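> Dropping the sequence and predicted coords here.
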Protein chains: 2
Amino acid sequence: MTPTHTSQLLALEPAAQDLLFREARTANVFTPEPVGDDQVRAIYELVKYAPTSMNQQPMRVVLLRSHGARRELLGHLARGNRAKVAAAPLVALLAADLRFHETLPEVFPHLPGAKDLFADAAVRRESALFNTALQVAYLIVGIRAAGLAAGPIVGYDADAINKAFFGDGSREIVTVVNIGHPAPGTGHPRLPRLAFEDVVSTV
Amino acid sequence: MTPTHTSQLLALEPAAQDLLFREARTANVFTPEPVGDDQVRAIYELVKYAPTSMNQQPMRVVLLRSHGARRELLGHLARGNRAKVAAAPLVALLAADLRFHETLPEVFPHLPGAKDLFADAAVRRESALFNTALQVAYLIVGIRAAGLAAGPIVGYDADAINKAFFGDGSREIVTVVNIGHPAPGTGHPRLPRLAFEDVVSTV
């Protein structure tokens, strides 16, 4: 099956398929053009509608706009990640809110006992991490929907970042993401993807 | 800021924003129209390009096409989920491949030691679950891109499903998802989403 035939089976128009998936790339180098709060808000107001288990919505986003906050983060990154984070137009911490269950009475009101299902801290953390990961993926799609590129990073000292930015233990970093307009011509060749037959089976 | 202004800040055209996020809804009731393997392939061939950490791509999909497989699953679901899974046009198990690291030499070839970073089973499982969750989210977006609706379900006996479908312990179920054309007029009112100010902060 050719890509052309594949894309025609989808309701989403091909230009949007390209924007979000086929032509979008993880970026390490960006143009100096800034990313405004209005763009971040537009992205959130779109991707907030994507689903999470029991509407948990545990992802929290911290935009590092100050020089001090950016410098604090740089000290906790793996050496190979520092230059690209230092130069990115916008850097955000994406974290899991380990107290997400406290909002369940408002966001999942038809199950009054929902909050109590997450009384156990280990159960709560596993659910927070899973649903935050869903929301990280939606956010990456949303960043691309804004015509921007995301550069997620996981090489850092998570404990140090948690202590520096979430000192009360209520949140846990899951990824750092650079956001901006990708600099032309700086992309690596795309890494190989697994074949359909290696991923999807039928029983 | 009105929704109209927000959507105009995005590069993705408003109809695509609606299809993927604003008008898309989790579905519990579907029309009888089948979902073909060609549609599943088109969805995968689109969403496979979305990023995972170190290109891990740990998500595996099992389509339950046989009567026996569907019946086996039904016995492991929470009672309240059985009817909707029994009636869905297509049911898929989404699982994390706990041996994803074995493919890193092919999918992340520029770091020869990548596989060894995941020698520890607990580290490997946490990474597999996180990156599978990213891919579950991309897949949900892809299902919507195909003009279909997804109905993810987490109320089930995970150990029983793992034993029945992944008896060798190499995979772990993360969600069951119903896929099909949503039946008109069967949706619930959308649950409340957290406000931008409650999710995004700046330092």
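Done, it's in.

> Look up how far residue A:172 lies from residue A:121.
12 Å (CB to CB, to the nearest Å). Every C-beta, even on glycine, is put in place using the N, C-alpha and C of the backbone.

> Touching both of these two, which residues are there?
residue A:98 (CB atoms under 8 Å, 6 or more residues apart in numbering or on different chains).

> The two: which is more packed in?
residue A:172 (20 against 9; other CB atoms under 10 Å in any protein chain shown).

> Please see if the longest helix along chain A touches chain B.
Using DSSP state H to define each element, chain A has its longest helix at helix A:121-145. Yes: using CB under 8 Å from any CB of the partner chain, helix A:121-145 comes into contact with chain B via A:129-131, A:133-138, A:140-141, A:144-145.

> Can you name the element that comes right after that helix?
Using DSSP states H and E, the helix or strand that directly follows helix A:121-145 along the chain is strand A:149-153.

> other SSEs contacting that following strand?
Under the contact definition 3 or more CB pairs under 8 Å, 6 or more residues apart in numbering or on different chains; DSSP states H and E, strand A:149-153 sits against helix A:79-87, helix A:121-145, strand A:171-180.

> Serialize the residues of helix A:121-145 next to chain B to JSON lines and add fields for neighbour count and distance to residue B:81.
Shown next, in JSON lines, are these (neighbours: other CB atoms under 10 Å in any protein chain shown; distance: CB to CB, whole Å):
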{"residue": "A:129", "neighbour count": "18", "distance to residue B:81": "23"}
{"residue": "A:130", "neighbour count": "22", "distance to residue B:81": "18"}
{"residue": "A:131", "neighbour count": "25", "distance to residue B:81": "18"}
{"residue": "A:133", "neighbour count": "26", "distance to residue B:81": "22"}
{"residue": "A:134", "neighbour count": "26", "distance to residue B:81": "19"}
{"residue": "A:135", "neighbour count": "28", "distance to residue B:81": "23"}
{"residue": "A:136", "neighbour count": "24", "distance to residue B:81": "26"}
{"residue": "A:137", "neighbour count": "27", "distance to residue B:81": "24"}
{"residue": "A:138", "neighbour count": "28", "distance to residue B:81": "23"}
{"residue": "A:140", "neighbour count": "28", "distance to residue B:81": "29"}
{"residue": "A:141", "neighbour count": "27", "distance to residue B:81": "27"}
{"residue": "A:144", "neighbour count": "23", "distance to residue B:81": "33"}
{"residue": "A:145", "neighbour count": "27", "distance to residue B:81": "32"}
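
> could those go into JSON lines alongside pLDDT?
Putting the residues of helix A:121-145 next to chain B into JSON lines (pLDDT from 0 to 100) gives the following:
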{"residue": "A:129", "pLDDT": "97"}
{"residue": "A:130", "pLDDT": "97"}
{"residue": "A:131", "pLDDT": "98"}
{"residue": "A:133", "pLDDT": "98"}
{"residue": "A:134", "pLDDT": "98"}
{"residue": "A:135", "pLDDT": "98"}
{"residue": "A:136", "pLDDT": "98"}
{"residue": "A:137", "pLDDT": "98"}
{"residue": "A:138", "pLDDT": "98"}
{"residue": "A:140", "pLDDT": "98"}
{"residue": "A:141", "pLDDT": "98"}
{"residue": "A:144", "pLDDT": "98"}
{"residue": "A:145", "pLDDT": "98"}
